[in-house]
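Chemist: Coordinates only, no sequence provided:
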């Protein structure tokens, strides 16, 4: 997913580079624990960093249980004024921590976004230059995949396929019509 989604690639880089701070901030926010666990594991966070952040964010679990009990009591009408104040403070703190966590993580993602885009562009350019050099070094035809007698299974064509560059990516749109006589029909 890191290859196809820029936002996820930015998040993965922030998680890998941010380490403990990002883990703890995300775990203390209202982001569900099962979601942060999945994100952290797929982004390559270390087990020690993850375990420490999880242990330090355990009070968040107690707060959730407490809020549930207080809400049940308030429904039954047995809650006191002090409990309502504590509940509102806890709720406000949770919202504040979540907002700060979201702001901080998004800010970090926006900082690394230019690096991610630059790396993707360089990788795409390298991929296309390798494929175009492979394309231009083929011997029998102007286009090994479109010529009538060519099988097209040289090392170069296998390398181009491995890189995910196909003939259609390298052929100008008017190529098929300009060479229709060579193949017998227009594509």
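Modeler: Right, received. Where do you want to start? Source: prediction; values computed, not measured.

Chemist: how close does residue 76 get to residue 121?
Modeler: From residue 76 across to residue 121, the span is 60 Å (CB to CB, to the nearest Å). Heads up, the C-betas are built off the backbone N, CA and C, glycines and all.

Chemist: repeat for residue 102
Modeler: 28 Å.

Chemist: helices or strands next to the helix or strand that contains residue 64 in the packing?
Modeler: In the assignment (DSSP states H and E), residue 64 maps to helix 58-76. In terms of contacts (3 or more CB pairs under 8 Å, 6 or more residues apart in numbering; DSSP states H and E), helix 58-76 is packed against helix 81-136.

Chemist: Next, the angle from the helix it packs on to helix 58-76.
Modeler: Here the directions of helix 81-136 and helix 58-76 differ by 130 degrees (axes from the mean of the first three to the mean of the last three CA atoms, to 10 degrees).

Chemist: Who are the packing partners of helix 81-136?
Modeler: Going by 3+ CB pairs under 8 Å, 6+ apart, helix 81-136 lies up against helix 6-18, helix 20-28, helix 58-76, helix 155-162, helix 167-170.

Chemist: Which positions within the longest one qualify as buried?
Modeler: By neighbour count, with 16 or more other CB atoms under 10 Å as the criterion, the buried positions of helix 58-76 are residue 70.

Chemist: and it, what's its mean pLDDT?
Modeler: Taken as a whole, helix 58-76 carries a mean pLDDT of 78.

Chemist: Count the residues that sit near the closest residue to residue 23 other than its chain neighbours.
Modeler: Using CB to CB, 6 or more residues apart in numbering and skipping residues adjacent in sequence, the residue nearest residue 23 is residue 53, 3.6 Å away. Residues lying near residue 53 (other CB atoms under 10 Å) number 22.
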